[in-house]
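> structure, please.
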Amino acid sequence: MPPHLLNRLALTNSPNFWRGVKSLLVVTTVVLAGCANTAQNQYAQSASGNATRDAYLSHTRSDPLGAYLAATKYPTNTAPKTTKTLATTALNFLGIKYRFGGETPNTGFDCSGLVSYAAEKSLGLKLPRTSAEMAREGKSVKTSELKKGDLVFFNTRGHRNSHVGIYLGDKKFVHAPRSGSVVRVESMDIAYWKKRYNGARRLAANNASDALAVAN
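Sure thing, here's the model as predicted:
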């Protein structure tokens, strides 16, 4: 037998050779197991993250402005009965269709119908049915002194106070705009509304809350 084959045969019969092979196999197995475990851990972490995200999104509703404004107010059942409560109640009807002469959520609302319904439900206050008559309630308020729950009036039909909404703060108001639309929140800074703004009125409920705050 050639000398080089004899040397190879002697090497494979050596105990040290087989111990080296076993060690290499163990190291390789550990490395491969580590890769598998890493992949499994990454997958588990990813699945856990997705589950958390899905749980969060399932409780998140798309109502960008209405939900934000509603979240900044006291719940109706714990708030003092001021016109802040009126504003909060009106926000419950976002998306209700406009209907001329409408005065309930089931039939739809026109502008004064929304205000009248929200005032009765939140304050137990019976307001006149038309926006022009509502404009004689309470007291006049300067634009710079507007408070949440004040009634804001506009000329949309060629005469003063032909439209009414409820002020929400930050120059926003909620109202029932017109046929083909729904109850929604808009900015008084929009050119259309700025041009037609007639002023605001503060109902007695807000004045009473101010007096209570001073007394306390």
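> list the buried residues of stretch 150-163.
Buried residues in stretch 150-163, counted by 16 or more other CB atoms under 10 Å: 150, 151, 152, 153, 154, 156, 161, 162, 163. Bear in mind the C-beta positions are built from the backbone N, C-alpha and C, glycine included.
> what does stretch 164-181 give?
Buried residues in stretch 164-181 (16+ other CB under 10 Å): 164-169, 171-177.
> local confidence estimate at the closest residue to residue 151 other than its chain neighbours?
With sequence-adjacent residues excluded and distances taken as CB to CB, 6 or more residues apart in numbering, residue 151 is closest to residue 201, at 4.8 Å. We have a pLDDT of 97 for residue 201.
> okay, and the beta partners of residue 201?
Residue 201 has these beta-bridge partners by DSSP bridges: residue 140, residue 151.
> sorry, back to before: among the buried residues of stretch 164-181, which are in strands?
Mapping the buried residues of stretch 164-181 onto strands (DSSP state E) picks out 164, 165, 166, 167, 168, 169, 172, 173, 174, 175.
> so where do the helices sit in the chain?
Using DSSP state H, the helices found in the chain span residues 3-12, 15-58, 66-71, 83-91, 111-123, 131-134, 191-196, 204-215.
> would you single out the least confident of the ones you listed?
Mean pLDDT, when computed for each of these, is lowest for helix 15-58, at a mean of 41.
> mind listing what residue 199 touches?
135, 140, 141, 143, 152, 153 (CB atoms under 8 Å, 6 or more residues apart in numbering).
> excluding its backbone neighbours, what's nearest the fourth one?
In this case it means residue 143. residue 200 (7.1 Å).
> quick check: that neighbour vs residue 184, distance?
Distance of residue 200 to residue 184, given as CB to CB, to the nearest Å: 19 Å.
> more neighbours: which of these two?
residue 200 (24 against 18; other CB atoms under 10 Å).
> okay but the more buried one is in contact with residue 148, surely?
No. Judged on CB atoms under 8 Å, residue 200 makes no contact with residue 148 at a distance of 11.6 Å.
> how about residue 125: what's its closest non-neighbour residue?
Per CB to CB, 6+ apart, closest to residue 125 is residue 119, 4.5 Å.
> repeat for residue 112
residue 131 (4.6 Å).
> show me the contacts for that neighbour.
Residue 131 neighbours (CB under 8 Å, 6+ apart): 111, 112, 115, 153, 161, 162, 163, 164.
> not including adjacent chain positions, what is the nearest residue to the last one?
Here the nearest residue to residue 164 in space, its sequence neighbours aside, is residue 131; by CB to CB, 6+ apart that works out to 3.9 Å.
> any idea how far residue 172 lies from residue 146?
For residue 172, the distance to residue 146 - CB to CB - is 10 Å.
> returning to what we had before: now do the shared contacts for residue 200 and residue 148.
Residues touching both residue 200 and residue 148 (CB under 8 Å, 6+ apart) are residue 167.
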